[in-house]
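Undergrad: Predicted model follows, preceded by the sequence.
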Amino acid sequence: MKLEISVHEQACRGCQMCVDVCPTKVFEFDDEKRLCVVKHEDDCIACLSCAYICPSGAITHTGYHVVKNFYRDLAFCNKMEKFI
């Protein structure tokens, strides 16, 4: 199954938070539409940071493998704090 990302245009506020948070620069801001758009879908690593940070919930992902993200697990981070 191929990873697919979509931005719901009616929900996107154009805040550009997804552009800023994406480590692989999947998104770009479309000045004409005043919306964020997916430009480099093949570069996505499915960290889901964009979906978590989007205030309007405009970003959806399909076709990705779910893996526990330890960086968002506060209890795990607290345990590992002394090693990091």
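TA: Thanks, I have the structure now. What you are looking at is a predicted structure, and each value in this text was computed from that prediction instead of being measured.

Undergrad: Spell out the secondary structure type for the residue nearest to the spatial centre of the chain.
TA: Among the residues of the chain, C50 comes closest to the average C-alpha position under Cα atoms, centre = their mean, at 2.1 Å. Following DSSP: H, G, I helix; E, B strand; the rest coil, C50 is assigned to helix.

Undergrad: What count of nearby residues applies to V26?
TA: 21 (other Cβ atoms under 10 Å). (Glycine included, C-beta is placed from N, CA and C.)

Undergrad: Not counting stretch 42-50 itself, show me its contacts.
TA: Stretch 42-50 has contacts (Cβ atoms under 8 Å, 6 or more residues apart in numbering) with 3, 5, 17-18, 21-27, 59, 61, 64-65, 69.

Undergrad: Of those residues, which pair is most distant in space?
TA: Using Cβ to Cβ, the contacts of stretch 42-50 reach their maximum pairwise distance at M17 and H65, which is 24.5 Å.

Undergrad: out of those two, which sits in the busier spot?
TA: Under the neighbour definition other Cβ under 10 Å, M17 and H65 were set side by side, and M17 has more, 19 against 7.

Undergrad: Can you tell me which of the contacts of stretch 42-50 are classed as buried?
TA: I5, M17, C18, C22, V26, F27, I59, Y64 (16 or more other Cβ atoms under 10 Å).

Undergrad: Among the contacts of stretch 42-50, which one sits closest to V38?
TA: For the contacts of stretch 42-50, the residue nearest V38 by Cβ to Cβ is I5; the value is 5.0 Å.

Undergrad: helices or strands next to the helix or strand containing that closest one in the packing?
TA: In the assignment (DSSP states H and E), I5 maps to strand 4-7. Helices and strands touching strand 4-7, as assessed by 3 or more Cβ pairs under 8 Å, 6 or more residues apart in numbering; DSSP states H and E, comprise strand 35-38, strand 59-62.

Undergrad: Going by neighbour count, list what's buried in it.
TA: Of all the residues in strand 4-7, those buried under the rule 16+ other Cβ under 10 Å are I5, V7.
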